[in-house]
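Student: no sequence on hand, only this structure:
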């Protein structure tokens, strides 16, 4: 049965508060040279809340551990669960954390040494779970140190390593235990395991050791789960005589990996031995091994896995096994990982989160199923992919496979069912992948295609700067693939269309203008006017809209000269010309920058473009708009002798009269502010004419949007003034009256009247 998609609810208030608290430590803690200290009167002793705040800070500050000092005072804070994986933590910080009654501790990939172990041992009275993935360096440190033997009369690393008698779960992966012994010959592994009598879960995956080192495993009387995935066992049948001493085992993991599959002699005999000697076993993982092969045994109709006849398991791992046993009937298990069905693949993605190779393989199979629309439970698939990618953020193949699978969910028939919270998780996960593998083209292509397919939400405040910064890095790279650069520019332009004010400034501050000009110069040098060039101009058009600082950045970086060069070289490109003229229009709206447009031959260029019929009316419309702002500054601001101001205004009037009032537009106004300012230009009738014509056209052709916008910005009162003033031209009065009526009648009536007169509409 497919998992139903969750309701599109916002984050819980608690989660929102935790994120805000993590971002604003200064609100409740004072910072000194030695780190943070809680302000007087503030206590974080609620264990659950304190754990959650700790985790929020851990995620918010991936490289800075100054916040750890907040938790030094155990009278004001209380931690039970601590995850510091992938952080380089010094002994001082760990010592302050270990004063808490911690029950669960994850120190994976923390570059631990034997000194850290001594501090961990201070948790002996409370610690129940200890996870140290990538423990190679730690084991080497324990084995090589001589200075440690003075601790506890020399018993450390000989009789014990972890002095945590209550410990129930221990994970030590990727360690090398061969030839690791103290001077008296005692091996480190028994010294680690033997004292932990309460251990019920032991994970030694991907470790290197002689199986004889587990000879005393029967002393771990409570051991229920043993993980030996990726452990190279030369003689499995002989090794099982040691492993099966742990009679209480309920779960046994002997899996290999897709990269290094395990091949064993007498596979059927091995499984028979397991079945006969582990009576409590309910879960067995033999993925990426040949243990499920038929070998010389004949097929059994009642049980398709030789050696497990008469056994009924809860779980059996058969991923990436030779002969594809996951496809056989009568598999003696309720749940099976493999590649034969959707259920098998989804289960594999779920349970192999800690096995990079098998997870990558499962994600590849899920990708193929999604590609051919063979996955019904896409909600579960989405959540599992994200969990796998987040957990394995440093594994490139997992990120590539996961992002490829995500694409077919985000662009498929369930795309509208993806909730805001799921969408946010997708964006953050993909940004993590993009930053980790920023030079891998396959990774970048996958990430950008996902962003394009999911229609980025309007509200990206949770990652706005980060998104822009990463996309900018993609598009400015000199060696970037054209397709990847194109996707990056398109996404930047989409973001630019969605933001206002301060957020537009962000683009400029992060170098967007310079980046787009760099792309345009590169294309100009290659004599290429392609989509990348056109969208680069479009993006600058968007981020300079009512943003004077960005307009100035464009001019300061010789953008005006580049405009002329593109105009000369690609004079017949309508899309390009429209985008460039839109940008020029934004510059013309900035009083202190307008004079730049009166230098050189720009005025002659705009005069010619007023007569243009390219791209419908858009080029001509923008040229007249530019002149409207320049002429409205008055006679004294007109600093050139040719053409004269009066001559330009006459040509403006002639151009406006040519435009069909019903013209469809390729423009998107978020505010009418600059146009409304021109309504007051009674001494510049051509500029006033352009402004009123623009409002009349927009409220007629797109009444649903622009009638409301004009009304909300106080445009009606200004239009009434224009209509009543004797200085106003009659044709302008007529247009002003039409606009007022259109707004008062409402969008529905305007639209109905427009549709009833199709012969008046232009074809552009």
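Tutor: Yes, it's here. Please read these numbers as outputs of a predicted model, since none were measured by experiment. Numbers count the residues shown, from 1 in each chain.
Student: now stretch 385-392: mean pLDDT?
Tutor: Average pLDDT, stretch 385-392: 97.
Student: can you pull the buried residues of it?
Tutor: For stretch 385-392, the neighbour count (16 or more other Cβ atoms under 10 Å) marks 385, 386, 387, 388, 389, 392 as buried. C-betas here are computed from N, CA, C, even on glycine.
Student: contact partners of the host helix or strand of residue 31?
Tutor: In the assignment (DSSP states H and E), residue 31 maps to strand 29-32. Under the contact criterion Cβ atoms under 8 Å, 6 or more residues apart in numbering, strand 29-32 has outside partners 25, 36, 37, 38, 39, 42, 66, 70.
Student: just confirm the third one is within a strand.
Tutor: If I follow you right, that is residue 37. Yes: under DSSP: H, G, I helix; E, B strand; the rest coil, residue 37 falls within a strand.
Student: give me the neighbour count for it.
Tutor: For residue 37, the count of nearby residues is 16 (other Cβ atoms under 10 Å).
Student: please apply the same query to the first one.
Tutor: Residue 25: 18 surrounding residues under other Cβ under 10 Å.
Student: correct me if wrong: it contacts residue 68.
Tutor: No: the pair residue 25 / residue 68 is not scored as a contact, 11.2 Å apart, by Cβ atoms under 8 Å.
Student: residue ranges with poor pLDDT in the stretch 451-600 of the chain?
Tutor: 457-459 (pLDDT under 70).
Student: can you pull out the helices in the stretch 251-400 of the chain?
Tutor: 267-277, 342-351, 356-371, 378-391, 396-410 (DSSP state H, counting those that start in this stretch).
Student: same deal with the stretch 551-700 of the chain?
Tutor: Using DSSP H, counting those that start in this stretch, helices in the stretch 551-700 of the chain cover 559-569, 574-588, 591-594, 602-610, 618-631, 645-658, 673-678, 685-701.
Student: residues contacting the second one, please?
Tutor: The reference is to helix 574-588. Contacts of helix 574-588 (Cβ under 8 Å, 6+ apart): 529, 533-534, 537-538, 540-541, 544-547, 551, 554-555, 559, 563, 566-567, 570-571, 593-594, 596-597, 606, 609, 612, 614-615, 618-619, 622-623, 625-626, 628-630, 666-667.
Student: how many degrees apart are that helix and helix 602-610 in direction?
Tutor: 130 degrees (axes from the mean of the first three to the mean of the last three Cα atoms, to 10 degrees).
Student: in helix 574-588, what's buried?
Tutor: Applying 16+ other Cβ under 10 Å to helix 574-588 flags 575-588 as buried.
Student: same question, the third one
Tutor: Taking 16+ other Cβ under 10 Å as the basis for neighbour counts, the residues of helix 591-594 that come out buried are 593, 594.
Student: what's that helix packed up against?
Tutor: helix 548-556, helix 574-588 (3 or more Cβ pairs under 8 Å, 6 or more residues apart in numbering; DSSP states H and E).
Student: need these in a markdown table (columns: distance to residue 17).
Tutor: As requested, the helices and strands packed on helix 591-594 are exported to a markdown table (distance: least, Cβ to Cβ, whole Å):
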| stretch | distance to residue 17 |
| --- | --- |
| helix 548-556 | 34 |
| helix 574-588 | 40 |
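Student: distance of the closest residue to residue 510 other than its chain neighbours from residue 460?
Tutor: Closest residue to residue 510 apart from its sequence neighbours, by Cβ to Cβ, 6 or more residues apart in numbering: residue 468 at 5.3 Å. Distance of residue 468 to residue 460, given as Cβ to Cβ, to the nearest Å: 9 Å.
Student: what does residue 12 give?
Tutor: 21 Å.
Student: neighbour count: the two, which is higher?
Tutor: Between residue 12 and residue 460, counting by other Cβ under 10 Å, residue 460 is the more crowded of the two (18 against 10).
Student: and that one, what does it touch?
Tutor: Residue 460 sits next to 427, 467, 495, 498 when contact means Cβ under 8 Å, 6+ apart.
Student: name the element it belongs to?
Tutor: Residue 460 belongs to no helix or strand, assigned by DSSP H and E.
Student: swap in residue 137?
Tutor: Going by DSSP H and E, residue 137 is part of helix 136-144.
Student: identify the residues contacting the next helix or strand along the chain from that helix?
Tutor: Going down the chain from helix 136-144, the next helix or strand is strand 169-172, by DSSP H and E. Here strand 169-172 makes contact (Cβ under 8 Å, 6+ apart) with 128-133, 135, 139, 162, 192, 196, 199-204, 207, 227.
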